[in-house]
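*Asks:* Sequence isn't available, so here's the structure alone:
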């Protein structure tokens, strides 16, 4: 089985890569929504991210990847506090997945064999402390959307049926991708994504040729290609790890808070989630850049990612949301 395409080898799509790096630095940003045409590297980027992320420490055998024994749910029956290093989980949620597969359900085999009620964890347990990826997220069934909204709000998965009453932590970064031609996303779910990116096929011929060359090398000279990009991915992984540490010491001037609030008011974003997300994203970007304090430049650079999907629609404005954000950012914060 081939290793995923290297994250560093993805040509262009800078906004998409930046958004995913920011959520790797600060998972509380709230996930990434990537909308665009087919064949623009959306799924490739998510698979590549899985290989790029630094590993996590988890209790051996814990079904929810808990960092400490105290965080393992009682129903798991874990007694040893021995931990191991595991890859950051990246779990696919297929469109046709049943609710039982997503949340977990009664373990039928144990019920029939031993006559005991045991819980079989679902995808939400596997994704805890990692990423949950949904391709064609705009086609997700409504009852699964409602379930994800509840879990995203509480950080807990609760299963109460068939005589079971189970709960466990389910904190993950939600990554969704889709084609806007196939339908829009429900506003409630759209608002749960911290960052939003629109991707398109490159129009520069040299860039398209480079995409072809790298994909061809990945398919036909896989080992050499992976060695070629291994160092690049390693450097990026080290940057993410260093940024996580630097984030704790980053200074946030009062003026930066005022800039964030003024920008969100000017954009007409509903609620305060826009401000909080923009602040977290800007701080993660500053840490990634190895800066010691948040500046207006950091806010300006990530504002389109954090706010383009939070704007109220203006039927009199033909410009896309990204263009409108850029215009209002320039008017509010300067060029």
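*Replies:* Received the coordinates, thanks. Given the structure is predicted, the values throughout are model-derived calculations rather than measurements.
*Asks:* Could I get the phi/psi values of residue 92?
*Replies:* Backbone torsions of residue 92, given as degrees, to the nearest 10, read phi -80, psi 140.
*Asks:* Number of residues surrounding it?
*Replies:* For residue 92, the neighbour count with other CB atoms under 10 Å is 16. (C-beta placed from N, C-alpha, C; glycine too.)
*Asks:* Tell me who's in contact with it.
*Replies:* For residue 92, the contact set (CB atoms under 8 Å, 6 or more residues apart in numbering) comprises 133-135.
*Asks:* quick one: residue 282 and residue 297 touch, right?
*Replies:* No. Applying CB atoms under 8 Å as the test, residue 282 and residue 297 come out as separate, 9.2 Å apart.
*Asks:* who touches stretch 260-274?
*Replies:* The contact list for stretch 260-274, computed with CB under 8 Å, 6+ apart, reads 191, 275, 278-279, 282, 299, 303, 306-307, 310-312, 324-325, 328-329, 331-333.
*Asks:* switch to 6 Å and redo it
*Replies:* Contact with stretch 260-274 is made by 275, 278-279, 307, 310-312, 328, 332, as judged by CB atoms under 6 Å, 6 or more residues apart in numbering.
*Asks:* From residue 275, how far off is the closest residue in space to residue 217 that isn't next to it in sequence?
*Replies:* Nearest non-adjacent residue to residue 217, counting by CB to CB, 6 or more residues apart in numbering: residue 225, 4.4 Å away. Distance, residue 225 to residue 275, by CB to CB, to the nearest Å: 43 Å.
*Asks:* Report the mean confidence score over stretch 178-196.
*Replies:* Mean pLDDT, computed over stretch 178-196, is 80.
*Asks:* Please give the number of neighbouring residues around the nearest residue to residue 309 once chain neighbours are set aside.
*Replies:* Nearest residue to residue 309, sequence neighbours excluded (CB to CB, 6+ apart): residue 196, at 3.8 Å. Residues lying near residue 196 (other CB under 10 Å) number 24.
*Asks:* Just to be sure, residue 196 is in a strand?
*Replies:* Yes. According to DSSP: H, G, I helix; E, B strand; the rest coil, residue 196 belongs to a strand.
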